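> this one's sequence-less:
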């Protein structure tokens, strides 16, 4: 079952999805159905209380 899930995840991977659609291996309706089936887990999100490091950006020189 893990191999099947990995294959499905690969097909719907955003980086590959458009290629599969262009090649005719996937259609937009399949993509829409897949996206609608993903549960909304926004209520499970928790805020992170972290201190970000201070960074500075030096201006570029033409040297």
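Yes, it's here. Computed from a predicted model, the values in this text were never measured in an experiment.

> for this structure, which residue occupies the most central location?
With the centre of the chain defined as its mean C-alpha position, the nearest residue by CA atoms, centre = their mean is residue 14, 5.9 Å away.

> now do the contacts for it.
Under the criterion of CB atoms under 8 Å, 6 or more residues apart in numbering, the contact list for residue 14 is empty. Glycine gets a C-beta too; all of them are placed from N, C-alpha and C.

> if I look at it, how far off is residue 31?
When distance is defined by CB to CB, to the nearest Å, residue 14 is 10 Å away from residue 31.

> same thing with residue 47?
As it turns out, when the distance is counted by CB to CB, residue 47 lies 31 Å from residue 31.

> flag the shaky bits of the chain, pLDDT-wise.
Confidence mapping of the chain against pLDDT under 70 gives the ranges 1, 63.

> mind listing the helices for it?
Counting by DSSP state H, one finds helices in the chain at the ranges 2-11, 14-23, 28-37.

> got the buried residues for the last one?
Within helix 28-37, the residues scored as buried using 16 or more other CB atoms under 10 Å are residue 31.

> tell me what it is packed against?
On a contact count with 3 or more CB pairs under 8 Å, 6 or more residues apart in numbering; DSSP states H and E, helix 28-37 meets helix 14-23.

> please repeat the previous calculation with a cut-off of 6 Å.
The helices and strands touching helix 28-37, judged by 3 or more CB pairs under 6 Å, 6 or more residues apart in numbering; DSSP states H and E, number zero.

> nearest to residue 54, of the helices of the chain?
For the helices of the chain, the distance to residue 54 is smallest for helix 14-23, at 32.8 Å, taking CB to CB.

> now that closest one: how far from the chain's centre is it?
Here the centre of helix 14-23 is set off from its chain's centre by 13 Å, with CA atoms, centre = their mean, to the nearest Å.

> got the angle for it vs helix 28-37?
For helix 14-23 against helix 28-37, the angle between stretch directions is 150 degrees (axes from the mean of the first three to the mean of the last three CA atoms, to 10 degrees).

> the inter-axis angle of helix 14-23 versus helix 2-11?
80 degrees.

> buried set for helix 14-23?
Neighbour count says helix 14-23 has 17, 20 buried, by 16+ other CB under 10 Å.
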